[in-house]
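K.L.:
Provide a 3D model corresponding to the input given below.
(one chain, ligands or ions: 1)
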Amino acid sequence: MPLEAYYGLPTEVVFCRRCLMTNQKPHSVNETTHTAASRKATLGFDESGLCDACRYAEMKDQAIDWDKREAMLHQLLDRYRRRDGGYDVIVSGSGGKDSAMTSHLLKYKYGMHPLTVTWAPHMYSDIGRQNLQRWIDVGGFDNLLFTANGRVMRTLTREAFENLYFPFQPFKFGIKFWAAKMAIKFGIKLVMYGEPYIEYGSTPMDDAASPALGLNYFVNDSKDLYLGGLHLDQLKDKHGLCDNDLLPFMPLRSHEVQGHELRVEYLGWYRKWDPQQAYYYAVENCGFEPDDERTEGTYGRYSSIDDRIDGLHYYSHYIKFGLGRCTFDASQEIRNGHITREEGIALMKKYEGEVPRRYMAECLDYIGIGEDQFWERTDRARSPHLWHKVDGEWRLRHPLPPDAPEDGPAANRGYQYLR
Ligand SMILES: [Zn+2]
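P.N.:
Numbers count the residues shown, from 1 in each chain. Take a look at the predicted model:
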């Protein structure tokens with residue numbers, strides 16, 4: 001009998017033979033369909049044991065004709081470029097490395113006229129706020145910053161934490177829906193993101209063939225919408241919210257998009273994307289700065305640093321799927337040839353599963369719970385097929401790939417480390 005697996009995860013944990021990802025990573029979905037009972041597809045593997053993200057990395061190196069893609073990009077942009085003084089493309093972002101590079105290339109290399117739009121984080125970090133301002137001031141962009149009603153955002157964060165153990169969900173509504181909504185509002189027909197989801201295997205492999213983000217990520221025509229894991233009607237009743245309170249979190253309807261001929265694409269489909277290169281580009285051209293401290297749970301300082309709740313977001317991912325921030329970072333760098341698999345394993349042993357203490361008190365205050373409640377909910381999120389208790393401490397059953405050497409500091413920091 002296999003052990004019980006929550007969230008519809010595969011009961012057997014399989015590691016990629018190249019990077020450090022497992023088959024437990026769920027695909028990205030339209031969050032308004034997400035309930036506690038949702039069962040998502042997860043990271044795909046081929047017969048040789050290579051994950052989709054690594055397969056895509058191989059395509060980038062060997063199969064894709066980047067000159068042809070560049071020509072396709074020129075054609076696309078020529079079709080949308082305006083010469084009447086209007087905006088012709090929306091770039092959604094925080095002023096982080098990827099949005100900085102995307103917008104800067106579009107404007108200064110390809111002669112487009114981007115309007116940058118930002119969905120504010122739950123709680124800005126100082127470095128996140130600074131990088132947004134630098135993007136505008138040093139990069140040179142018009143920017144529209146939208147900040148959702150803080151009380152509604154907190155309510156949704158609390159519900160998403162309680163019902164889904166996914167405190168970051170309210171931000172996901174924003175980054176997936178807001179750019180498309182603003183494009184329609186401003187009469188702009190093109191939206192450009194940076195990295196394709198397939199870079200991380202967050203979508204089916206078939207998506208690698210198209211530069212477009214599927215409509216289903218920001219359109220939902222169902223009358224049954226879910227926010228924070230609750231049905232819209234239930235959420236409104238429970239918290240006395242009206243339609244207007246929830247307006248920013250609503251998906252688009254397909255007729256709104258079709259009537260507008262909206263295209264939502266990834267620049268990273270047309271140009272070979274490398275996060276490290278994006279970092280250097282953003283530093284040089286948009287005044288981007290990394291954090292002054294190492295990011296908890298990993299070894300880097302420049303990815304996902306805008307929101308004080310980022311650390312908790314990645315930690316919740318580690319608890320639910322056994323995949324933390326260090327695994328993502330190291331896997332991506334293995335794929336891009338910056339580190340070896342052995343170096344990645346050493347980094348995992350050191351950092352994977354570290355509790356994000358830096359902003360924890362603020363996060364708990366924001367969600368409106370005490371520490372005991374936090375750990376109680378955290379422990380309920382641990383799927384039996386991933387976690388077990390050893391000498392009273394929670395341990396991952398499969399903290400490292402089977403080929404990892406056993407020496408060095410123990411991976412899988414336990415419960416006692418957290419308190
Ligand atoms: Zn892989």
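
K.L.:
low pLDDT regions in this protein?
P.N.:
407-419 (pLDDT under 70).

K.L.:
how about a cut-off of 50?
P.N.:
Low-confidence segments of the chain (pLDDT under 50): 411-419.

K.L.:
tell me what the lengthiest helix in it is packed against?
P.N.:
The longest helix of the chain (DSSP state H) is helix 169-185. Based on contacts counted as 3 or more CB pairs under 8 Å, 6 or more residues apart in numbering; DSSP states H and E, the elements that helix 169-185 packs against are strand 89-92, strand 114-119, strand 142-146, helix 150-164, strand 190-193, helix 254-258, strand 263-266. C-beta: built from backbone N, CA, C; applies to glycine.

K.L.:
With mean neighbour count and distance to Arg335 added, can I get these in a markdown table?
P.N.:
Supplementary listing: the helices and strands packed on helix 169-185 in a markdown table, determined by neighbours: other CB atoms under 10 Å; distance: least, CB to CB, whole Å:
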| stretch | mean neighbour count | distance to Arg335 |
| --- | --- | --- |
| strand 89-92 | 28 | 24 |
| strand 114-119 | 25 | 28 |
| strand 142-146 | 14 | 31 |
| helix 150-164 | 21 | 29 |
| strand 190-193 | 26 | 19 |
| helix 254-258 | 13 | 33 |
| strand 263-266 | 21 | 17 |
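
K.L.:
okay if I get those as CSV plus distance to the ion?
P.N.:
Shown next, in CSV, are the helices and strands packed on helix 169-185 (distance: least, CB to the ion, whole Å):
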stretch, distance to the ion
strand 89-92, 27
strand 114-119, 30
strand 142-146, 35
helix 150-164, 26
strand 190-193, 22
helix 254-258, 33
strand 263-266, 20
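
K.L.:
To Ala208, which of those lies closest?
P.N.:
Among the helices and strands packed on helix 169-185, strand 263-266 comes nearest to Ala208, with 10.6 Å by CB to CB.

K.L.:
Could I get the CA-only coordinates of the closest one as PDB?
P.N.:
Provided in PDB are the C-alpha atoms of strand 263-266 (Å, rounded to 0.1, in the frame of the first residue of the first chain):
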ATOM      1  CA  ARG A 263      -1.900  38.700 -27.300                       C
ATOM      2  CA  VAL A 264       0.000  37.700 -24.100                       C
ATOM      3  CA  GLU A 265       3.400  36.300 -24.900                       C
ATOM      4  CA  TYR A 266       6.900  35.700 -23.400                       C
END
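
K.L.:
for it, packing partners?
P.N.:
helix 169-185, strand 190-193.

K.L.:
Would you mark the buried spots in the helix or strand that that strand is followed by?
P.N.:
Counting by DSSP states H and E, the next helix or strand C-terminal to strand 263-266 is helix 267-270. Within helix 267-270, the residues that count as buried by 16 or more other CB atoms under 10 Å are 267-270.

K.L.:
CA atoms of helix 267-270 as CSV?
P.N.:
Below are the C-alpha coordinates for helix 267-270, written out as CSV (Å, rounded to 0.1, in the frame of the first residue of the first chain):
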residue,chain,number,x,y,z
LEU,A,267,9.9,37.5,-24.6
GLY,A,268,11.9,34.5,-23.3
TRP,A,269,10.3,32.3,-26.0
TYR,A,270,11.9,34.5,-28.7
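
K.L.:
next structured bit after that helix?
P.N.:
helix 275-286.

K.L.:
which residues sit against that next one?
P.N.:
Helix 275-286 has contacts (CB atoms under 8 Å, 6 or more residues apart in numbering) with 95-98, 100-101, 104, 108, 134-135, 138-139, 194-195, 288-290, 302-303, 332-333, 336, 338.

K.L.:
Pull the distance from that helix to the chain's centre.
P.N.:
Taking CA atoms, centre = their mean, to the nearest Å, one finds the center of helix 275-286 at 19 Å from the center of the full chain.

K.L.:
how many other residues sit next to the residue of the stretch 101-250 of the chain found nearest the ion?
P.N.:
As assessed by CB to the ion, the ion sits closest to Gly201 within the stretch 101-250 of the chain, at 7.4 Å. A count of nearby residues for Gly201, using other CB atoms under 10 Å, gives 28.
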